[in-house]
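# Give me a model of this one.
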Amino acid sequence: MHKVTFIPGDGIGPDVALAAKRVVEATGVEIEWEEKIAGEPAIEKYNTPLPDDTLDSIKRNKVAFKGPITTPIGGGYRSVNVLLRQLLNLYACVRPARSIPGTKTSFQNIDLVVIRENTEDVYAGVEFPPHSEEAKKIISLCDGKVREDSAITLKPISFYASERIVRFAFRYAIEHDRRKVTCVTKANIMKFTDGLFLEAARKVSEEFPQIEFEERLVDNMAMQLVQKPQLYDVLVTPNLYGDILSDLCAGLIGGLGVAPGANIGDEAAVFEPVHGSAPKYKGMNKVNPTAAILSAAMMLDYLGEKEASQRIEKAVREVIAEGKWVTYDLGGNASTTEMTEAIIDKLGG
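Reported below is the predicted structural model:
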């Protein structure tokens with residue numbers, strides 16, 4: 001029996017999270033779900049988007065499944081997703097991108113995994129507004145290279161965190177029968193920060209001679225991913241590049257609606273679809289549950305339930321390939337519930 005914290009999220013979160021939960025339960029894997037809230041429901045009840053009760057549950061159970069949560073743009077409270085990654089030290093963001101026959105895309109035979117460092121880079125949350133004392137101090141150290149009315153965001157990258165994420169990527173490659181790890185940076189321009197990440201990657205790669213290692217600059221990587229994505233396997237990147245490239249890779253396979261994800265640390269792991277909360281579709285029972293269901297399959301794989309994980313992925317692929325019970329974004333007319341039930345039917349077959 002596994003024990004998992006279940007966070008429905010907000011917006012369309014409850015629709016897709018509950019769909020994923022139903023599919024997991026249909027595999028027969030025994031899971032005791034501990035349901036907690038975060039995002040808008042938590043603000044209404046506790047006046048905070050991430051209550052201590054929810055955080056304590058994840059720490060206790062070590063594994064959580066989470067629906068999407070709304071993040072205000074340009075103001076409001078900080079992203080719950082980023083908070084969880086920082087507070088639980090979920091340093092590895094894992095985002096597979098695998099072609100699914102039946103999805104609308106110009107690209108075929110894609111099978112990539114983007115592994116993104118989650119705790120540093122410009123996402124560390126070290127920002128100062130223009131004219132603040134902190135911004136002035138930093139600008140004074142820059143020998144006239146930064147305008148006085150600038151806002152400042154710091155880009156910290158440590159050797160420790162770089163080495164840790166690259167080692168995670170190589171171990172992931174071995175455990176999932178992958179052949180190559182590509183380190184993506186902009187080390188030709190940011191020689192100290194991205195240069196340090198690359199230095200750590202080169203050092204760690206020597207520990208894994210059975211896995212091919214190569215280096216790419218992020219701008220070149222973006223071009224190559226749309227020209228010849230089949231050449232690539234596991235990409236390991238600092239935080240910002242990974243965020244951007246993982247969405248690009250999701251686009252290669254048909255969009256965020258079919259892109260699963262996980263945030264993993266040494267003490268806990270949170271599984272969630274890559275897409276956002278799409279509040280305008282809240283409660284309409286029409287959005288595609290694929291990303292959430294495939295994220296649940298990743299969770300089962302993490303829990304050691306590999307056979308059940310593979311059954312879910314196979315069922316999802318069959319339903320989408322048939323095209324009869326798929327949602328509007330996949331060219332069908334099925335509701336979230338109808339597509340979920342079609343996947344559950346395939347599990348039973």
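# roughly how far is stretch 255-266 from the heart of the chain?
3 Å (Cα atoms, centre = their mean, to the nearest Å).
# pLDDT of stretch 132-143, averaged?
Mean pLDDT, stretch 132-143: 94.
# So which bits of it are buried?
A135, I139 (16 or more other Cβ atoms under 10 Å). (Glycine included, C-beta is placed from N, CA and C.)
# Lowest-scoring secondary structure element of the chain by mean pLDDT?
helix 80-87 (a mean of 86; mean pLDDT, DSSP states H and E).
# Not counting its own residues, what contacts that helix?
With Cβ atoms under 8 Å, 6 or more residues apart in numbering as the test, helix 80-87 has contacts from 38-39, 49-50, 55, 58, 66, 69, 71, 90-91, 93, 118-119, 123, 125, 263, 270, 272.
# what about burial for the residues you listed, which qualify?
Buried, going by 16+ other Cβ under 10 Å: 38-39, 49-50, 55, 58, 66, 69, 71, 90-91, 93, 118-119, 123, 263, 270, 272, out of those.
# just checking, which of those belong to helices?
L55, I58 (DSSP state H).
# just the strands in the protein please.
2-7, 31-35, 63-66, 92-98, 111-117, 127-128, 152-153, 180-185, 212-217, 234-237, 260-264, 269-273 (DSSP state E).
# Tell me which of those sits nearest to Y160.
Closest approach to Y160 among those (Cβ to Cβ): strand 111-117, 10.9 Å.
# returning to what we had before: can you add distance to G331 and mean pLDDT and give the strands of the chain back as a markdown table?
Listed next are the strands of the chain as a markdown table, based on distance: least, Cβ to Cβ, whole Å; pLDDT from 0 to 100:
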| stretch | distance to G331 | mean pLDDT |
| --- | --- | --- |
| strand 2-7 | 31 | 96 |
| strand 31-35 | 33 | 97 |
| strand 63-66 | 28 | 96 |
| strand 92-98 | 19 | 96 |
| strand 111-117 | 23 | 97 |
| strand 127-128 | 42 | 93 |
| strand 152-153 | 41 | 94 |
| strand 180-185 | 33 | 98 |
| strand 212-217 | 34 | 97 |
| strand 234-237 | 29 | 98 |
| strand 260-264 | 20 | 96 |
| strand 269-273 | 20 | 96 |
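# Figure out which of the ones you listed is closest to I312.
strand 260-264 (10.5 Å).
# now that closest one against strand 269-273, angle please.
Strand 260-264 and strand 269-273 are oriented at 160 degrees to each other (axes from the mean of the first three to the mean of the last three Cα atoms, to 10 degrees).
# Direction included, what does strand 260-264 pair against?
Within its sheet, strand 260-264 is paired with strand 92-98 (antiparallel), strand 269-273 (antiparallel), according to DSSP bridges.
# In a markdown table, list the strands of the chain along with distance to I165.
Shown next, in a markdown table, are these (distance: least, Cβ to Cβ, whole Å):
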| stretch | distance to I165 |
| --- | --- |
| strand 2-7 | 24 |
| strand 31-35 | 29 |
| strand 63-66 | 20 |
| strand 92-98 | 6 |
| strand 111-117 | 4 |
| strand 127-128 | 22 |
| strand 152-153 | 20 |
| strand 180-185 | 10 |
| strand 212-217 | 14 |
| strand 234-237 | 6 |
| strand 260-264 | 10 |
| strand 269-273 | 15 |
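# Comparing the strands paired with strand 260-264, which comes out most buried?
Comparing the strands paired with strand 260-264 by mean neighbour count (mean count of other Cβ atoms under 10 Å), strand 269-273 ranks first with a mean of 26.
# got the CA coordinates for it in PDB?
Provided in PDB are the C-alpha atoms of strand 269-273 (Å, rounded to 0.1, in the frame of the first residue of the first chain):
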ATOM      1  CA  ALA A 269       8.500  14.000  -5.300                       C
ATOM      2  CA  VAL A 270       5.500  15.800  -6.800                       C
ATOM      3  CA  PHE A 271       3.900  14.700 -10.000                       C
ATOM      4  CA  GLU A 272       1.800  17.100 -12.100                       C
ATOM      5  CA  PRO A 273       0.800  17.900 -15.700                       C
END
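# which outside residues touch that strand?
Strand 269-273 has contacts (Cβ under 8 Å, 6+ apart) with 16, 58, 62-68, 81, 84, 88, 90, 256, 259-264, 291-292, 294-296, 298-299, 302.
# neighbours around D111, how many?
For D111, the count of nearby residues is 14 (other Cβ atoms under 10 Å).
# ok, now the one 3 residues further on?
Neighbourhood size, V114 [other Cβ under 10 Å]: 30.
# wait, what's in contact with it?
C93, V94, R95, A97, L235, T237, G242, L245, S246, C249.
# If we use 7 Å, what do you get?
R95, L235, T237, G242, L245, S246, C249 (Cβ atoms under 7 Å, 6 or more residues apart in numbering).
# Looking at those, state which has the most neighbours.
T237 (30 neighbours).
# tell me which residues form a beta bridge with it?
Beta-bridge partners, per DSSP bridges, of T237: R116.
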